[in-house]
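Q: my questions are about this predicted structure, shown below with the sequence.
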Amino acid sequence: MNIWNNLPKPFLILAPMEGVTDIAFRQVIAHAGRPDLFFTEFTNVSSYASEKGRHNALERLEIAPSDSPIIAQIWGKNPEHFAEISSALESLGFSGIDLNFGCPDKNVNRTGGGAAMIKTPELAVECYRNARSHTALPVSIKTRLGWSQPEEFREWLPVLLHEHPAALTVHLRTKKEMSKVPAHYELIPEIVELRNQISPDTKLIINGDIKDRAHALELHTKYPEVDGFMIGRGVFQNPYCFTDHRPTRAELMELLNLHLDLYEKASSHTLPYEPLKHFFKIYINNFPGASDIRAKLMETHSVAEARAVLGASMIEDNVL
Ligand SMILES: Cc1cc2nc3c(=O)[nH]c(=O)nc-3n(C[C@H](O)[C@H](O)[C@H](O)COP(=O)(O)O)c2cc1C
């Protein structure tokens, strides 16, 4: 079964976000209201290929039953390593493989991976073909419009579309634009046209500044030929963004407690405590006293300490 042919139209995806969309957070989102498809954080193909890195790569690729269907996102620049990891992903429970050709991080680009692939299109194609020929899973690509100029998409996207990937996600900005300018929605009609002409069976997914389900449906009304919409940072504003629900403060606290439970379960092997602190503002925000509670939480060193702070705050505020 090709997962990309079994999704509603339009479908919604939780964007891959390094340090965010780990196994614990994906389960939190599944509880709040799941997208049609999850992606993992990106995993480095060369890390998987090395004796030293494989254990860590496999931990990053661990999935929970509520994640399914889920796509494994991978990045790197060594074509043989793309082949090696791709041959393993089906047995790990994934429904597809996505190649990251869009990450703007300096450390990633310095190695030739992520958005640097835009500057080496022949290598990008070789990596794609190697992945493709070593798996029965559908292979998709996530990228940006170009390296420095939005107009580069007219050359770059056809290179990818001529490979007929199962799906193509376009983050509507260049690498240089990072996330500092509004997404170039005005280019959607031209991108749709390229897809229709070169690879009509490739699902087209649009990404960038989409807040929530209502926003995605609004965009779909305007651009009905786009197959799917991917939401990243919108989940920080509202973890229920894949539904039309606006959570109460009590529901957000319940979600935070679930996150702590799941994190504790997973932290036996992979998840250190400090990164968990990035999540607190998702749940504790926009009410009187929220910043004080967050400040106290930032001083904590364990899930148990965080629970103690929350317990005390709830009694003080009579939250529940
Ligand atoms: C913290 C963070 C981590 C990210 N990590 C990844 C990643 O691992 N793979 C990827 O393809 N994109 C990654 N991205 C980019 C997002 O998937 C998405 O393309 C970007 O945030 C734009 O969408 P948005 O405006 O809905 O947030 C990351 C973004 C953020 C904010």
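A: Received it, and whenever you're ready, just let me know what you need.

Q: the lowest-mean-pLDDT helix or strand in the chain - contacts with which helices or strands?
A: Within the chain, no helix or strand scores below helix 303-317, which has a mean of 83 by mean pLDDT, DSSP states H and E. Helix 303-317 sits against helix 249-266, helix 290-298, with contacts defined as 3 or more Cβ pairs under 8 Å, 6 or more residues apart in numbering; DSSP states H and E. All C-beta spots, glycine's among them, are computed from the backbone N, C-alpha and C.

Q: could you pull out the buried residues of the shortest one?
A: Right, helix 290-298. Neighbour counts using 16 or more other Cβ atoms under 10 Å place A290, I293, R294, K296, L297 of helix 290-298 among the buried residues.

Q: what residue, apart from its backbone neighbours, is nearest the last one spatially?
A: Of all residues beyond its chain neighbours, the one nearest L297 is F280 (5.0 Å), with distances taken as Cβ to Cβ, 6 or more residues apart in numbering.

Q: same question for A24.
A: Among residues not flanking A24 along the chain, L262 sits closest, at 4.0 Å (Cβ to Cβ, 6+ apart).

Q: in this structure the one you found contacts Q27, no?
A: Yes - look at L262 against Q27 with Cβ atoms under 8 Å: they come within range, at 5.2 Å.

Q: comparing these two, which residue is more hemmed in?
A: The residue with more neighbours, out of L262 and Q27, is Q27; 24 against 20, by other Cβ atoms under 10 Å.

Q: and for E51, the neighbour number?
A: Using other Cβ under 10 Å, E51 has 6 other residues around it.

Q: tell me the pLDDT of it.
A: pLDDT, E51: 96.

Q: measure it to H164 for me?
A: Separation of E51 from H164 (Cβ to Cβ, to the nearest Å): 35 Å.

Q: what about the chain, any weak spots by pLDDT?
A: 267-271, 315-320 (pLDDT under 70).

Q: where do the strands sit along it?
A: Remark: strands assigned in the chain by DSSP state E are 11-14, 37-44, 70-75, 96-101, 139-144, 167-171, 203-207, 228-231.

Q: what helices and strands are in contact with the third one?
A: Here strand 70-75 touches strand 37-44, helix 45-49, helix 79-89, strand 96-101, going by 3+ Cβ pairs under 8 Å, 6+ apart.

Q: the shortest one packs against which elements?
A: The helices and strands touching helix 45-49, judged by 3+ Cβ pairs under 8 Å, 6+ apart, are helix 54-60, strand 70-75, helix 79-89.

Q: what's the most buried one of these?
A: Per-stretch averages of neighbours, counted by mean count of other Cβ atoms under 10 Å, single out strand 70-75 among these, with a mean of 26.

Q: partners of it, with directions?
A: According to DSSP bridges, strand 70-75 forms sheet pairs with strand 37-44 (parallel), strand 96-101 (parallel).

Q: what's around N6, how many residues?
A: N6 has 11 neighbouring residues, counting by other Cβ under 10 Å.

Q: distance of the residue of the chain found nearest the ligand from L262?
A: For the chain and the ligand, the shortest gap (Cβ to the nearest ligand atom) falls at G232, measuring 2.7 Å. As judged by Cβ to Cβ, G232 and L262 stand 20 Å apart.

Q: try G311
A: Separation of G311 from L262 (Cβ to Cβ): 18 Å.

Q: quick one, domains of this protein?
A: 3-237, 249-317 (automatic domain parsing).

Q: right, and H31 touches L258 too?
A: Yes - in this structure, H31 is within contact of L258 by Cβ under 8 Å, at 5.9 Å.

Q: for this structure, which residues are neighbours of the ligand?
A: Counting by Cβ under 6 Å from any ligand atom, the positions of the chain adjacent to the ligand are 15-20, 41-42, 73, 100, 102-103, 142, 171, 179, 207-210, 231-234.

Q: mind checking which of these are buried?
A: The buried subset of the residues of the chain next to the ligand - by 16+ other Cβ under 10 Å - is 15-18, 20, 41-42, 73, 100, 102-103, 142, 171, 207-210, 231-232, 234.

Q: on that earlier part again, how far off centre is the least confident helix or strand of the chain?
A: 31 Å (Cα atoms, centre = their mean, to the nearest Å).
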